[in-house]
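Colleague: Sequence and predicted model, in that order:
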Amino acid sequence: MGPGLITGASDDDPSGIATYSTVGAGFGYSSLWMALVTLPLMLSVQYICSKVGLVTGRGLAGVLKRHYHPAILWTAIVLLTVANVINAGTDIGAMAAGINLLFPAVSPGMAVIPISLILLLSLIFFSYKRLASVFKWLTLSLFAYVITAFFCKIDMATVMKDTFIPNISWQPGYIAALVAILGTTISPYLFFWQANSEVDEQKDAGVYSVEERKGASDADLKFAAADIAVGMFFSNCVMYFIIMTTAATLFKSGQFHVDSAAQAAKALEPLLGPAAKYLFAAGFIGTGFLAVPVLLGSAAYAVAEALDWPCGFSEKCVDAKGYYWLIGISIILAMTLNFMHVNAMQALYWTAILNGVLAPPLLLLLMLVSNNSEIMGRRTNTTLVNIGGWTTFTFMTVAAGLFLWTSVAK
């Protein structure tokens, strides 16, 4: 389970599940075409991030620190940290909602603090790799959406048309849905996490010196590309079928709004009946345990790299106290957000929109870094990779701009 596969699995976090469920329920099959659009965009961006980590031997923040003005570095870190802490907070709230589905006597508010403590203690006393090796199996519950699709009465003619022919509405709600899909599939934290995790993989292999880590062979880059392709395909496949299944169940039955985890779980009832809520809860909890450490770890990694502190899940707590203190503070902040009495499903959806709005400036930095020969040497982007990267930046910038414009206009 390489960095790319972990990235793909954590990309379908509770925010992603909630976003795809909300979009499928609200707009039916009309956004299925986004799965075909986002797959090559995700592949391009995550490959670039992976390549930066492999070639430089540093995380993205470490590269920015050494080659760009401090104002650029800290602006990027602030954008990343704000998005990540909010995302982690909503994911923790979703995990609490999952616990509530399993044990109705336990309110989401009661579950938030224990979940946060378990997350923090797990990261201190166990390696993230060990944690991921356990909770990755719960993400397989997401394939229930794939199976459920075959038990639903699906209008295949409409599905095929909406998959291959974009059915775009210029209504503000639909534009917001597109930004939410982009924000939860091509999230800012994934840019930093992918580069960081490549560095951590090398540290785990005993390569601790930056000089030793610098440089990447053709074989390294091919493996990274294959690993990322598997992870991103998994992520997009799940996205496609969540939208399809919720469209065939919730949208078709007239339930256009998803206000709770219990409502979202109804999309699985054609396959599982009353047991649907248990599998849905397993997906929320499993993806949350994968995603929250990635969210908070990538933000803490960026701050620690900027301050030249030891960092990464490959480091033990006693050797990287500052890094783990940052994670602890972030978990407390994320946990606190859940006591603001905001609807969990709506918070997850708006978090995805926030990520979609904040991603373009970070994408621009990523493209500048990956095309800088002083940083990348002969491993600057090829023409094909540049087409993918700049297309992603343009598409997300236009989408975010349209969302902001339509929001102000209405």
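Modeller: Received it, and whenever you're ready, just let me know what you need.
Colleague: Okay, now the unreliable bits of the chain?
Modeller: Where the chain drops to pLDDT under 70, the residues are 1-11, 128, 131-132, 135-136, 138-139, 410.
Colleague: out of all of them, which helix in it is the longest?
Modeller: What stands out as the longest helix in the chain, according to DSSP state H, is helix 70-102.
Colleague: What residues of that one count as buried?
Modeller: By neighbour count with 16 or more other Cβ atoms under 10 Å, helix 70-102 contains the buried residues 73-74, 76-77, 79-81, 83-101. Yep, even glycine has a C-beta here, placed from its N, CA and C like the rest.
Colleague: Packing partners of that helix?
Modeller: helix 14-27, helix 60-67, helix 108-125, helix 188-204, helix 261-265, helix 276-306, helix 321-336, helix 344-370 (3 or more Cβ pairs under 8 Å, 6 or more residues apart in numbering; DSSP states H and E).
Colleague: any idea which of these is most buried?
Modeller: helix 14-27 (a mean of 28; mean count of other Cβ atoms under 10 Å).
Colleague: got the angle between the helix or strand that that helix is followed by and helix 14-27?
Modeller: Once the chain leaves helix 14-27, the next helix or strand it forms, by DSSP states H and E, is helix 33-56. Going by axes from the mean of the first three to the mean of the last three Cα atoms, to 10 degrees, helix 33-56 is angled at 160 degrees with respect to helix 14-27.
Colleague: Going by neighbour count, list what's buried in helix 33-56.
Modeller: Result for helix 33-56 [16+ other Cβ under 10 Å]: buried residues 33-35, 37-39, 41-56.
Colleague: Check stretch 236-254 too.
Modeller: So for stretch 236-254, counting by 16+ other Cβ under 10 Å, buried means 236-252.
Colleague: need the contact list for residue 166.
Modeller: 33, 37 (Cβ atoms under 8 Å, 6 or more residues apart in numbering).
Colleague: From the rest of the structure, what touches stretch 360-378?
Modeller: By Cβ under 8 Å, 6+ apart, stretch 360-378 touches 45, 48-49, 51-52, 55-56, 60, 63-64, 67-68, 72, 75-76, 79-80, 186, 188, 191, 215, 380-381, 385-386, 389-390, 392-393, 396-397, 400.
Colleague: repeat that for 7 Å
Modeller: Applying Cβ atoms under 7 Å, 6 or more residues apart in numbering, the contact partners of stretch 360-378 are 45, 48-49, 51-52, 55-56, 63-64, 67, 76, 79-80, 188, 191, 380-381, 389-390, 392-393, 396-397, 400.
Colleague: ok so, going back, among the buried residues of stretch 236-254, which are in helices?
Modeller: Using DSSP H, those in helices are 236, 237, 238, 239, 240, 241, 242, 243, 244, 245, 246.
Colleague: Dump the residues you listed to JSON lines, plus distance to residue 115.
Modeller: Output for those, formatted as JSON lines (distance: Cβ to Cβ, whole Å):
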{"residue": "236", "distance to residue 115": "28"}
{"residue": "237", "distance to residue 115": "28"}
{"residue": "238", "distance to residue 115": "23"}
{"residue": "239", "distance to residue 115": "25"}
{"residue": "240", "distance to residue 115": "29"}
{"residue": "241", "distance to residue 115": "27"}
{"residue": "242", "distance to residue 115": "23"}
{"residue": "243", "distance to residue 115": "27"}
{"residue": "244", "distance to residue 115": "30"}
{"residue": "245", "distance to residue 115": "27"}
{"residue": "246", "distance to residue 115": "25"}
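Colleague: Looking at the residues you listed, which is nearest residue 130?
Modeller: Set against residue 130, the nearest of those by Cβ to Cβ is residue 238 (23.8 Å).
Colleague: Distance of that closest one relative to residue 144?
Modeller: 10 Å (Cβ to Cβ, to the nearest Å).
Colleague: what about the residue lying farthest from the centre of the chain, helix or strand, and which?
Modeller: The outermost residue of the chain, judged against the average C-alpha position, is residue 157 (30.9 Å), by Cα atoms, centre = their mean. For residue 157, the enclosing helix or strand under DSSP H and E is helix 156-164.
Colleague: Centre of the chain to that helix, how far?
Modeller: Here the centre of helix 156-164 is set off from its chain's centre by 26 Å, with Cα atoms, centre = their mean, to the nearest Å.
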